[in-house]
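Student: need coordinates for the following:
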Amino acid sequence: MTTLDVNFIRQQFPAFTDPDLQGWGFFENAGGSYPCRQVIERLNAFYQKTKVQPYGPYPVSAAAGAKMDEAYTRLAGYLNVDEDEIHFGPSTSQNTYVLAQAFRPLWQDGDEIVVTNQDHEANSGAWRRLSSSGIVVREWPIDQHTGVLNPADLDHLLNENTRLVAFPHASNIIGHINPVSEIAAKAHQVGAVVVVDGVSYAPHGFPDIDAMGADIYLFSLYKTFGPHQGLMVVRRPILEKLTNQSHYFNASSPRKKLIPAGPDHAQIAAAAGIADYFDAVYAHHFQEEVEAAERGRRLHTLFRQTEQTRLTPLLGWLNRRDDVQLVGPDTERAPTVAIISKNKKANFLARELAEHKIMANSGHFYAVRVLEGMGIPLDPGVLRLSFVHYTNEEEVTQLIEALDAVL
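Tutor: Presented below is the predicted three-dimensional model:
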């Protein structure tokens with residue numbers, strides 16, 4: 001079994017050599033990861049060498065366009081989709097809002113959509129607002145004790161009027177990983193479109209979107225070691241049906257159809273650095289040359305194995321304490337850990353952890369409906385601890401010792 005070379009990994013992230021960050025354990029990755037050096041280098045190079053309008057007839061403009069094209073092609077390869085199914089926008093929240101507007105003209109009053117209360121509000125609120133224009137919104141509720149979604153509950157929600165089902169790949173509070181393929185199969189049986197919020201899952205390894213059966217998949221590049229952009233995959237048959245959200249003369253352009261404003265040229269170009277990073281990690285750990293989708297699958301496995309190794313001692317320590325409640329189950333989860341202390345408020349714990357050089361935060365993290373569904377007060381909410389594959393064993397030990405001190 002291949003073991004992740006964490007020292008090599010951390011060499012790819014300038015943050016780990018920054019003097020101001022020495023000694024700090026970073027456990028707020030669910031809010032945004034460190035960017036890899038490949039992304040930073042591409043962003044700097046674009047601003048220094050090609051910061052002009054792209055796709056023009058002169059050389060520097062053509063070069064700028066080529067750098068942007070590379071991001072579409074390279075990331076599509078890792079996600080196992082076609083490059084014209086990749087769309088960049090300023091954030092996942094805005095991308096989802098635009099999608100909701102693009103879908104509404106396709107539906108009749110009385111048509112139904114299914115949303116959950118496990119979502120970050122970005123993949124819930126935009127769809128729920130359509131109830132004011134005649135769409136029936138049905139909620140797929142979480143279990144009030146575990147926060148988990150039961151796919152069997154969908155059997156009572158889906159019918160011939162269901163047009164769309166939106167749910168998270170993993171909750172940004174619960175951390176539980178939902179069985180996307182199983183849920184997608186149920187939705188497709190009634191002809192519904194499947195929209196998956198991957199913001200809290202993609203940082204732990206890019207998914208094979210073609211294999212899982214999602215029609216639309218969204219996540220944030222700034223949480224996957226990249227620039228501050230949202231990426232959404234919209235499969236071609238769906239894209240062709242959606243109403244144009246750009247200028248009327250852009251309706252036939254796949255890249256522009258769902259982006260009301262102009263693209264951020266530099267950040268799109270820099271996004272190719274994520275693929276550069278993945279390529280470097282793959283080459284360091286594997287000898288066999290394979291296509292990008294297979295490299296992505298192997299890296300996904302490698303990242304998840306590493307993260308689970310780090311997660312196990314933290315969950316074990318939490319389970320041994322009687323003064324802390326883990327929010328959600330302790331199995332089938334991403335390394336996003338929300339906890340509630342029985343004696344101390346979450347915001348107090350976050351401040352105290354900072355005194356021990358632990359970066360973490362507290363609150364509802366825009367997952368208000370999750371906390372309400374589990375009866376957890378929004379103020380102060382939960383303490384959230386989240387990490388990715390570049391987190392090392394020493395930092396997890398540092399976290400546990402700091403928690404022991406502040407609790």
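Student: can you pull the buried residues of the longest helix along the chain?
Tutor: Looking across the chain with DSSP state H, the single longest helix is helix 292-319. Neighbour counts over helix 292-319 (16 or more other Cβ atoms under 10 Å) mark 292-300, 302-304, 306-307, 310-311, 314-315, 317-318 as buried. Just so you know, the C-beta spots here come from the backbone N, C-alpha and C atoms, and that holds for glycine as well.
Student: for the helix or strand just after it, packing partners?
Tutor: Where DSSP states H and E defines the elements, the next helix or strand beyond helix 292-319 is strand 324-326. Strand 324-326 is packed against helix 292-319, strand 336-341, with contacts defined by 3 or more Cβ pairs under 8 Å, 6 or more residues apart in numbering; DSSP states H and E.
Student: residues in contact with the most centrally placed residue in the chain?
Tutor: For the chain, the residue nearest the mean C-alpha position is residue 199 (1.5 Å; Cα atoms, centre = their mean). Neighbour list for residue 199: 92, 120, 122, 168, 172, 218, 219, 220, 223 [criterion: Cβ atoms under 8 Å, 6 or more residues apart in numbering].
Student: so the second one is in contact with residue 168, correct?
Tutor: Yes: contact between residue 120 and residue 168 holds when scored by Cβ atoms under 8 Å: they sit 6.9 Å apart.
Student: now for the two: what residues contact both?
Tutor: Common neighbours of residue 120 and residue 168 (Cβ under 8 Å, 6+ apart) are 197, 199, 200.
Student: output those as TSV; include the columns secondary structure.
Tutor: What follows is the shared contacts of residue 120 and residue 168, written out as TSV (DSSP: H, G, I helix; E, B strand; the rest coil):
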residue	secondary structure
197	strand
199	coil
200	coil
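Student: in TSV: those residues, plus pLDDT and distance to residue 127.
Tutor: What follows is the shared contacts of residue 120 and residue 168, written out as TSV (pLDDT from 0 to 100; distance: Cβ to Cβ, whole Å):
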residue	pLDDT	distance to residue 127
197	98	11
199	98	15
200	98	18
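Student: quick check, nearest of these to residue 239?
Tutor: Checking these against residue 239 by Cβ to Cβ gives residue 197 as the nearest, at 18.2 Å.
Student: tell me the domain ranges of the protein?
Tutor: Structural domains annotated on the chain: 6-35+293-406, 42-275, as defined by automatic domain parsing.
Student: can you redo these as a markdown table with distance to residue 286?
Tutor: Listed next are those as a markdown table, based on distance: least, Cβ to Cβ, whole Å:
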| stretch | distance to residue 286 |
| --- | --- |
| domain 6-35+293-406 | 6 |
| domain 42-275 | 14 |
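Student: ok, which of these comes nearest residue 285?
Tutor: It is, among these and with distance given as Cβ to Cβ, domain 6-35+293-406, at 6.5 Å.
Student: so which of the contacts of residue 199 are in strands?
Tutor: The strands in this structure, assigned by DSSP state E, contain 168, 218, 219, 220 from the contacts of residue 199.
Student: how about the last one, what does it touch?
Tutor: So that's residue 220. Applying Cβ under 8 Å, 6+ apart, the residues near residue 220 are 32, 91, 92, 199, 202, 229, 230, 231.
Student: ok, so of the contacts of residue 199, who is nearest residue 340?
Tutor: residue 172 (15.8 Å).
Student: spit out the contact partners of that closest one.
Tutor: Residue 172 neighbours (Cβ under 8 Å, 6+ apart): 30, 120, 199, 200, 336, 365, 366, 367, 384.
Student: leaving out chain neighbours, which residue sits closest to it?
Tutor: Closest residue to residue 172 in three dimensions, ignoring its sequence neighbours and counting by Cβ to Cβ, 6 or more residues apart in numbering: residue 200, at 4.3 Å.
Student: contact partners for the one you found?
Tutor: Contacts here follow Cβ under 8 Å, 6+ apart; on that basis residue 200 touches 30, 120, 168, 169, 170, 171, 172, 175, 334, 336.
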